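**Q** The amino acid sequence is not available; the structure is as follows:
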């Protein structure tokens, strides 16, 4: 399993250009009814997974350099003499939940943010339930606990069961998808003991960066049940 065997297509109203990721193809479609990103993952040209991302992590614009080449520019704002990158609406919520530690985000506000994310995913989940009678929810573990909390909430609301089957093996990081190795594609252990191959999985994550973790997990699930599985993620990093 090599990185060159994967391809991810991401269709959205507004898309970045010249990103540092050789396996992602962005497709612009201004006719889409919302800003959600529609994602598909292919392995050796076979569709193995598809999913929804609410929005990009940060605000950006496409501009031209002096040679008329297009490039992606992350928007910034000035506060007290310093420039800061601008997050999208949901990017800001994920940032606060994931990285504010001293002090951490208030529990009431965190619960509000989670519920807003749930609202956007619920319609898609209702659609999946109609198509798949054996739908199971699981999540890619994160120190933020966002994927786990979203999974639990979605399961309760929709009368589905959750399966905590994905575990991180060690501290291997996969920040640069162009340098992934076979070892780095063994970052997660998925316990499929006593899991029925008729199950279809819905995987929850908090942020898509390089897509490395998502590719590995979705490939292993597809290899297990030989069917397309699904994923929900609140935000996608712009330049990876």
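**A** All right, it came through fine. Keep in mind it's a predicted model, so treat the numbers as computed, not measured.
**Q** which secondary structure elements does the longest helix belonging to the chain contact?
**A** Counting by DSSP state H, the longest helix found in the chain is helix 107-131. Secondary-structure packing of helix 107-131 (3 or more CB pairs under 8 Å, 6 or more residues apart in numbering; DSSP states H and E): strand 46-56, helix 89-99, helix 146-158, strand 200-204, strand 229-236. Quick note: C-beta positions are derived from backbone N, CA and C, even for glycine.
**Q** switch the cut-off to 10 Å
**A** Applying 3 or more CB pairs under 10 Å, 6 or more residues apart in numbering; DSSP states H and E, we find helix 107-131 packed against strand 46-56, helix 89-99, strand 135-139, helix 146-158, strand 200-204, strand 229-236.
**Q** Next, the angle helix 146-158 makes with that helix.
**A** Orientation of helix 107-131 against helix 146-158 (axes from the mean of the first three to the mean of the last three CA atoms, to 10 degrees) gives an angle of 60 degrees.
**Q** from the chain's centre, how far out does helix 107-131 sit?
**A** Relative to its chain's centre, helix 107-131 lies at 14 Å (CA atoms, centre = their mean, to the nearest Å).
**Q** buried stuff in that helix?
**A** For helix 107-131, a neighbour-count test (16 or more other CB atoms under 10 Å) marks 110, 113, 114, 117, 118, 120, 121, 125, 128 as buried.
**Q** now this structure, which segments are flagged as low pLDDT?
**A** Across the chain, the ranges flagged by pLDDT under 70 are 1, 171-184.
**Q** and the nearest residue to residue 38 once chain neighbours are set aside, what does it touch?
**A** Spatial nearest neighbour of residue 38, excluding adjacent residues (CB to CB, 6 or more residues apart in numbering): residue 11 at 4.5 Å. Contacts were defined as CB atoms under 10 Å, 6 or more residues apart in numbering; by that measure residue 11 touches 25, 26, 27, 28, 29, 32, 36, 37, 38, 39, 40.
**Q** Quick one, which of those residues are buried?
**A** 26, 36, 37, 39, 40.
**Q** give me the beta-bridge partners of the fourth one?
**A** The reference is to residue 39. residue 10, residue 51 (DSSP bridges).
**Q** roughly how far apart are it and residue 218?
**A** Using CB to CB, to the nearest Å, we find residue 39 at a distance of 10 Å from residue 218.
**Q** quick one: common contacting residues for the two?
**A** 8, 49, 50, 51, 211, 230, 231.
**Q** Show me the beta-bridge partners of the last one.
**A** So that's residue 231. residue 51, residue 203.
**Q** That one: what's it in contact with?
**A** Contacts of residue 231 (CB under 10 Å, 6+ apart): 39, 41, 49-53, 138-140, 201-205, 208, 214, 217-218, 221.
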